[in-house]
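>>> got a sequence here, can you build the structure:
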Amino acid sequence: MHRAVLYDAIKTSSRKPFQQRLLQIYNELSRILAREKADVMAIEDVFYATNVQSALKLGHARGIPLLVAAQQELPVYEYSPLEIKNAVVGYGRADKAQVQAMVQLLLNLPEIPTPDDASDALAVAICHAHHMAAHDLIQGKSK
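Numbering: from 1, shown residues only. Next up is the predicted model:
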């Protein structure tokens, strides 16, 4: 049985310069992970964007959690969108609404987590938990 301990999304103002938004993400994520004492970081490994400019900005933003993980010496596990959807819904081509509904169900939450980024992050966490449980079974470990 999975349970959500903490979830949300770091929100930045589109009015701020991009580098200030990245700094805000860095500072807030660093504070959260220092306080919560995480063991690992799981992250989606591929982002899709509608245009090159968006893809570049997403790539820069994705680097922030990787930097924070390295600074805090956290192992990083990366999962493709297909792996995440398979782990959460059982179907790699599931749509966002299906993933959100399964996240709510698997975590026994009263409502679908918002914003969408928080629901996506919880889906990545569930995917990682499933992969680690399978890994432990293969290695003959049990909890």
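
>>> contact partners for the most centrally placed residue in the chain?
The chain has Ala121 as the residue nearest its centroid, 3.0 Å off, counting by C-alpha atoms, centre = their mean. Residues near Ala121 by C-beta atoms under 8 Å, 6 or more residues apart in numbering: 7, 9. C-beta: built from backbone N, CA, C; applies to glycine.

>>> now it: which helix or strand?
For Ala121, the host element (DSSP states H and E) is helix 116-139.

>>> pLDDT on that helix, on average?
The average of the pLDDT scores along helix 116-139 is 90.

>>> cool, stretch 68-85 as well?
Taken as a whole, stretch 68-85 carries a mean pLDDT of 96.

>>> how's this structure carved up into domains?
Segmentation of the chain into domains, based on automatic domain parsing, reads 15-79, 81-143.

>>> rewinding a little: show me which residues of the helix holding Ala121 are buried.
118-128, 130 (16 or more other C-beta atoms under 10 Å).

>>> what about the strands in this protein?
41-44, 76-79 (DSSP state E).

>>> thinking again about what came up before, alpha carbons of the helix holding Ala121, as PDB, please.
As requested, the backbone C-alpha atoms of helix 116-139 are provided in PDB (Å, rounded to 0.1, in the frame of the first residue of the first chain):
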ATOM      1  CA  ASP A 116      -1.200  18.500 -12.700                       C
ATOM      2  CA  ASP A 117       2.600  18.700 -11.900                       C
ATOM      3  CA  ALA A 118       2.000  17.300  -8.400                       C
ATOM      4  CA  SER A 119      -0.100  14.400  -9.800                       C
ATOM      5  CA  ASP A 120       2.600  13.700 -12.400                       C
ATOM      6  CA  ALA A 121       5.300  13.700  -9.600                       C
ATOM      7  CA  LEU A 122       3.200  11.300  -7.500                       C
ATOM      8  CA  ALA A 123       2.900   9.000 -10.600                       C
ATOM      9  CA  VAL A 124       6.700   9.000 -10.900                       C
ATOM     10  CA  ALA A 125       7.000   8.100  -7.200                       C
ATOM     11  CA  ILE A 126       4.500   5.200  -7.600                       C
ATOM     12  CA  CYS A 127       6.500   4.000 -10.700                       C
ATOM     13  CA  HIS A 128       9.700   4.100  -8.700                       C
ATOM     14  CA  ALA A 129       8.100   2.200  -5.800                       C
ATOM     15  CA  HIS A 130       6.900  -0.500  -8.200                       C
ATOM     16  CA  HIS A 131      10.300  -0.800  -9.800                       C
ATOM     17  CA  MET A 132      12.100  -1.000  -6.400                       C
ATOM     18  CA  ALA A 133       9.600  -3.600  -5.200                       C
ATOM     19  CA  ALA A 134      10.200  -5.700  -8.300                       C
ATOM     20  CA  HIS A 135      14.000  -5.300  -7.900                       C
ATOM     21  CA  ASP A 136      13.800  -6.400  -4.300                       C
ATOM     22  CA  LEU A 137      11.800  -9.500  -5.300                       C
ATOM     23  CA  ILE A 138      14.400 -10.400  -7.900                       C
ATOM     24  CA  GLN A 139      17.200  -9.900  -5.400                       C
END
